[in-house]
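Engineer: Provide a 3D model corresponding to the input given below.
(one chain, ligands or ions: 1)
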Amino acid sequence: MKETELRLLLREMSLEEKIGQLVQLPGYFQHEGAATGPAGDMGLTQEDLRLAGSYLSIIGAEKIRKLQTEFMAQHPHHIPLLFMADIINGYRTVFPIPLAQGCTFDTEAVQEGAAIAAREAAAAGIHVTFSPMADLVRDARWGRVMESTGEDPYLNGQMAAAMVRGYQGDNPKKKGKIAACLKHFAGYGAPEGGRDYNNVELSPRTLLEDHLPAYQEAVDAGCEVVMASFNTLDRVPSAANEWLFREVLRKKMGFSGMVISDWNALQELLAHGIAADQREAAFIALRAGVDMDMTSPIYTRNLKQLVEEGRVPEAWIDESAWRVLTLKNKLGLFERPFKDADEEDEKALLLSDAHRQAARDCAEKSFVLLKNEEQMLPLQGDEAAFIGPYVGSPYLNGAWSIFADDQDTVTVKAALSRHPKTKKAPTAPGCPINDPDQPVMGFQQPVAQDNLEPETALNEAVSIAKSAQKVVLCLGEHRECTGEAASRGDLTLPKCQLRLLEAVAAVNENIIVVLFGGRPMDIRPLKEKAKAILAAWLPGTEGGNAVVRTLLGESNPSGRLSMCFPYCVGQVPIHYNHLNTGRPYHGDCHAGRFGSKYQDIPNEPLYPFGFGLSYTAFSYSPVRLSADRMTKQGSLTASVTITNTGTCPGTETVQLYLRDLAASVARPVRMLKGFRKVALAPGESREVSFTVTEDMLRFYDLSMRYVSEPGDFEIFLGPDSQTQNKARFTLE
Ligand code: GLC
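Structural biologist: Numbers count the residues shown, from 1 in each chain. So this is what the prediction gives:
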């Protein structure tokens, strides 16, 4: 529809119709969709159905075509519904969780995964996905770290932009494309205590320097929608934060699309204590610039009266309704209200071999080899027993894979049985995933307990461990231990799994651990007892195949940590790009006193950001700079030569970090500013160069101006965030 026609439509719509466009209904109004958040009575009625603008969490070409047809027939201006859903890491073909995708350091693989998710979701009738989640995370107690791509602003920005490109392509109207919704704006990943929905305390400078850059990359990539987060920022809930949305998101960051609240967040303004009643909640949310109310009764119940009383200018309603209509128009829904909803396409696309292959490739690229002593890995195949609750578990999808079917998942056990080298491998669960006395709540019901008899299961595992040359222990947290509302105060593995580890280690010293789960955990016991550790995260539909291929060396792990593994929960929040303090301390925590340290644990994480091993080895030459001085108008080149010094092909991720040694405000000890994946054959060398430009040196100075300052900088080129391979230059 031409813009002039759209303007005319808006003018012809009644006030009730315009308000209706600002309302998103929960899918379970039409079916038992996944209800996130308090699934209680939202206070919405069937009458609210008549004029609604959107539905959440309804899927399926047949169902959506039918609902769209019926809805448009009864709507006064036959305005199509917008169907939105959480396609976080795949629709039916499930990819690794975003935290694992961050570990790929491969924006092309991540973009391809998003494009596949879009193709499948579009065929199922979905128009918008609530992804990418670009929240910066530094606290593994927060369950939603699984949805982020990690602790670094630059990596998160690259990944968020790649996902937007994958979902939307160059035009979301095109077949197989859907609109992307950036979330959760802003700063949701830094809740106090790591407790979901809790207050967020960020200085303006930390918000601007650390949290906004990734959102900015998604906005610059053209995401069509932004979601307001649940949290308070400076004691103002995002859904009521006029400064955040009208000044920062729209004026400063240049976003012109539609803003949607999070689930029932407008109603929650009353619980926040900044709205005395629903009328006030409606007023402050619309004033803040929240265009669409996700699943609460606030807009639909109160805006009409507020306009008629003159409390809310109708212009506010028009502004938000315009953004909703514009999004529908950008998706071509006025001409093609079903867009790509097509049952034949669904059958052809969902879980296709090509999609499964892409998911497997992405999973393999996401695995991080944390330890590999005595060349425990790769396996030959017949020398190992496979023990642990994740050998047979189908729960390899992340908690947000709500439209997938666990039946489609290839378990480790199934992959072992299909591979000629491992089809006779002995297997045993050894113990349940969760401690029986620690029930885990799923989205809507407690997670079913494995019905194992503990002693029998343990004895069976020990007996096969005794007679095997090596033992692969498949351990980890249940997927429902991460995701929304899944914060945990204890990052250790379930006790039953630690007991299994001890029992197996008592009879076999050659232990390889494959670690599953949605967050970095306290894995000190694994580091102590295992000779090899592979972090597999929650690898998705093809997880079992990807794990077995990697263990057998058919895939050489190349993942690098997108979020560090803390030494223990006492360290969190912890991140590599920290400030130096006036008393920096690196060393034995039991020696010395007056340093910024703990008395009982080290400052350093167990495994740092950017870290990961390979089945081969790489060496780095010293850093070479094209010059040791640079003007603001100039640039310089930083280079390093990488060599594969091992015996098999492998891929290294060369990481570029910068440090500003002295500035008008304290600057991080290093900041990721670039990375490059380099595939090398044994003995092969490659020069890798990065161009350093003045804009990479900018920051918010003492006066909050975004500038660079003359002075000395260090450039690091290395395999992870702790590299000491550096050179110095001066910005004039
Ligand atoms: C939620 C989540 C958000 C999700 C939305 C819709 O509670 O915070 O990430 O997109 O509900 O399901």
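
Engineer: tell me which stretches of the stretch 151-300 of the chain form helices.
Structural biologist: Assigned by DSSP state H, counting those that start in this stretch, the stretch 151-300 of the chain shows helices spanning 153-168, 204-206, 212-220, 242, 268-272, 278-288, 298-308.

Engineer: nearest to the ligand, of those helices?
Structural biologist: Nearest to the ligand among the helices of the stretch 151-300 of the chain is helix 268-272 (10.5 Å), distances taken as Cβ to the nearest ligand atom. Every residue, glycine included, has its C-beta placed from N, CA and C.

Engineer: does the residue in the stretch 551-700 of the chain that the ligand sits nearest to belong to a helix or a strand, and which?
Structural biologist: Nearest to the ligand, among the residues of the stretch 551-700 of the chain, is Met563, at 18.4 Å (Cβ to the nearest ligand atom). Met563 is part of no helix or strand, with elements assigned from DSSP states H and E.

Engineer: can you offset everything so residue one is 757?
Structural biologist: Will do, 757 is the new start, and the previous item becomes Met1319.

Engineer: contact partners for it?
Structural biologist: Neighbour list for Met1319: 855, 858, 893, 896, 901, 904, 906-907, 1276, 1365 [criterion: Cβ atoms under 8 Å, 6 or more residues apart in numbering].

Engineer: before we move on, back to that, quickly compare the helices of the stretch 907-1056 of the chain and say which is most buried.
Structural biologist: helix 909-924 (a mean of 26; mean count of other Cβ atoms under 10 Å).

Engineer: and for Lys758, the neighbour number?
Structural biologist: Residues contacting Lys758 under the criterion other Cβ atoms under 10 Å number 8.

Engineer: can you tell me the SS state at Tyr1413?
Structural biologist: With DSSP: H, G, I helix; E, B strand; the rest coil as the basis, the three-state label of Tyr1413 is strand.

Engineer: any idea what it is bridged to?
Structural biologist: Beta-bridge partners recorded for Tyr1413 (DSSP bridges): Leu1428, Phe1472.

Engineer: touching, it and Phe1431? I think so.
Structural biologist: No: with contact defined as Cβ atoms under 8 Å, Tyr1413 does not count as touching Phe1431 (9.7 Å).

Engineer: more neighbours: which of the two?
Structural biologist: Of the pair Tyr1413 and Phe1431, Tyr1413 is the one with more neighbours under other Cβ under 10 Å, namely 29 against 21.

Engineer: which ones are touching the more buried one?
Structural biologist: When contacts are counted by Cβ under 8 Å, 6+ apart, Tyr1413 touches 1426-1429, 1471-1474, 1477, 1479.

Engineer: please convert these to TSV, extending it with distance to His1346.
Structural biologist: Shown next, in TSV, are the contacts of Tyr1413 (distance: Cβ to Cβ, whole Å):
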residue	distance to His1346
Arg1426	26
Met1427	31
Leu1428	32
Lys1429	36
Ile1471	34
Phe1472	29
Leu1473	33
Gly1474	29
Ser1477	25
Thr1479	26
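
Engineer: nearest to Ala1292, of the residues you listed?
Structural biologist: Ser1477 (21.6 Å; Cβ to Cβ).

Engineer: can you tell me, leaving aside adjacent residues, what's nearest to the closest one?
Structural biologist: Among residues not flanking Ser1477 along the chain, Tyr1332 sits closest, at 3.9 Å (Cβ to Cβ, 6 or more residues apart in numbering).

Engineer: Met1048 too?
Structural biologist: Counting by Cβ to Cβ, 6+ apart, Met1048 lies nearest to Ile1016, which is 4.3 Å off, once chain neighbours are set aside.

Engineer: kindly report the same for Gly1154.
Structural biologist: Nearest to Gly1154 is Ile853, by Cβ to Cβ, 6+ apart, at 3.8 Å.

Engineer: give me the spatial nearest neighbour of Glu973, chain neighbours excluded.
Structural biologist: Using Cβ to Cβ, 6+ apart, the closest residue to Glu973 is Gly913 (3.3 Å).

Engineer: so the one you found touches Ala890, yeah?
Structural biologist: Yes: contact criterion Cβ under 8 Å: Gly913 and Ala890 qualify, at 7.3 Å.

Engineer: shared neighbours of these two, which are they?
Structural biologist: Joint contacts of Gly913 and Ala890 (Cβ under 8 Å, 6+ apart) are 970, 973-974.

Engineer: how close does the residue in the stretch 907-1056 of the chain that the ligand sits nearest to get to Pro947?
Structural biologist: The stretch 907-1056 of the chain approaches the ligand most closely through Trp1019 (3.7 Å), counting by Cβ to the nearest ligand atom. Here the criterion is Cβ to Cβ, to the nearest Å. By it, Trp1019 lies 16 Å from Pro947.

Engineer: list the buried residues of stretch 1223-1230.
Structural biologist: Buried residues in stretch 1223-1230, counted by 16 or more other Cβ atoms under 10 Å: 1224, 1226-1230.

Engineer: which residues sit against that stretch?
Structural biologist: Everything outside stretch 1223-1230 that qualifies as a contact, by Cβ under 8 Å, 6+ apart, is 1132, 1135, 1139-1147, 1149, 1168, 1182, 1186, 1221, 1256-1257, 1260, 1264, 1266-1270, 1272, 1286, 1303, 1307.
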